[in-house]
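Asks: predicted model follows, preceded by the sequence.
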Amino acid sequence: MKYLILVSFLFFYIVSVQCSTCTKPEVTASAYTTQDATVLTNIAFVAEFSLKCSNGVKGIPLYAEINGKTLPAAKTGEDNKYQVSWIEEVKKSRTGDYSLNLYDEEGYGALRKALRSGEDISSVKPLVTIVVNHPGAYQGPWVNSEFMAAVLSILVWYLAFTAKSKLLS
């Protein structure tokens, strides 16, 4: 009797693990990036997405990988809505597309194993990839207004001084 309970428990555990795998994922995503960096030191990236699986699985734990960094995907209230956010220094951030790879628990385990052993992480297939576009951040004018005011005041002083010198001579 004990073995029957143990076998049935293992069977239901294996079935539940198999059912929690997302098959044929469909993603609808939107993204936000900081576009004004005049007084900031970091650029914020936020990707919000909803995941729909063909087998109806909802609320599975997801993990993201961006530029070799792994991050958890946070659930945002509903079962199939998630959010991933990260920051980069203004000087190190680049304009263009960022590929955000999403992994389920099985894929994340394989990714961590590849990272630990120093293998190429491109060999681990992500569940889905989201592209986040960063158009760049405005970092202020090329010439500061204080510098322009100082140059203009020196120019006005020079013109006034030369005009005074011509009048007195």
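Replies: Received, thanks. Just so it is clear, the model here is predicted, and its values are computed rather than measured.
Asks: neighbouring contacts of the longest strand along the chain?
Replies: Using DSSP state E to define each element, the chain has its longest strand at strand 42-52. Taking contacts as CB atoms under 8 Å, 6 or more residues apart in numbering, the residues outside strand 42-52 that touch it are 22, 25-34, 37, 60, 62, 64, 76, 78, 80-90, 93, 98, 100, 102, 128, 130, 132, 134, 137. Quick note: C-beta positions are derived from backbone N, CA and C, even for glycine.
Asks: list the buried residues in stretch 64-80.
Replies: Residues Ala64, Glu65, Ile66, Ala73, Asn80 are the ones in stretch 64-80 that count as buried (16 or more other CB atoms under 10 Å).
Asks: export it as CSV, just CAs?
Replies: These are the backbone C-alpha positions of stretch 64-80, laid out as CSV (Å, rounded to 0.1, in the frame of the first residue of the first chain):
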residue,chain,number,x,y,z
ALA,A,64,15.2,36.8,-18.1
GLU,A,65,18.7,37.1,-19.5
ILE,A,66,20.0,40.4,-20.9
ASN,A,67,23.7,40.9,-21.8
GLY,A,68,24.8,37.9,-19.7
LYS,A,69,22.8,39.1,-16.6
THR,A,70,20.0,37.0,-15.3
LEU,A,71,16.9,38.6,-13.7
PRO,A,72,13.6,37.3,-12.4
ALA,A,73,10.4,38.3,-14.2
ALA,A,74,7.9,39.8,-11.8
LYS,A,75,4.2,38.8,-12.1
THR,A,76,2.0,41.9,-12.2
GLY,A,77,-1.3,40.9,-10.7
GLU,A,78,-2.8,38.7,-13.4
ASP,A,79,-1.6,35.1,-14.1
ASN,A,80,-0.1,35.8,-17.5
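Asks: avg pLDDT for that stretch?
Replies: Averaged over stretch 64-80, pLDDT sits at 88.
Asks: could you do stretch 159-169 as well?
Replies: Averaging pLDDT along stretch 159-169 gives 90.
Asks: stretch 100-118 too?
Replies: The average pLDDT for stretch 100-118 rounds to 91.
Asks: likewise stretch 88-96?
Replies: For stretch 88-96, the mean per-residue pLDDT is 90.
Asks: which among the contacts of strand 42-52 count as buried?
Replies: Listed as buried from the contacts of strand 42-52 are 22, 25, 29, 31, 33-34, 37, 60, 62, 64, 80-82, 84, 86, 88, 93, 98, 100, 102, 128, 130, 132, 134, 137; burial here means 16+ other CB under 10 Å.
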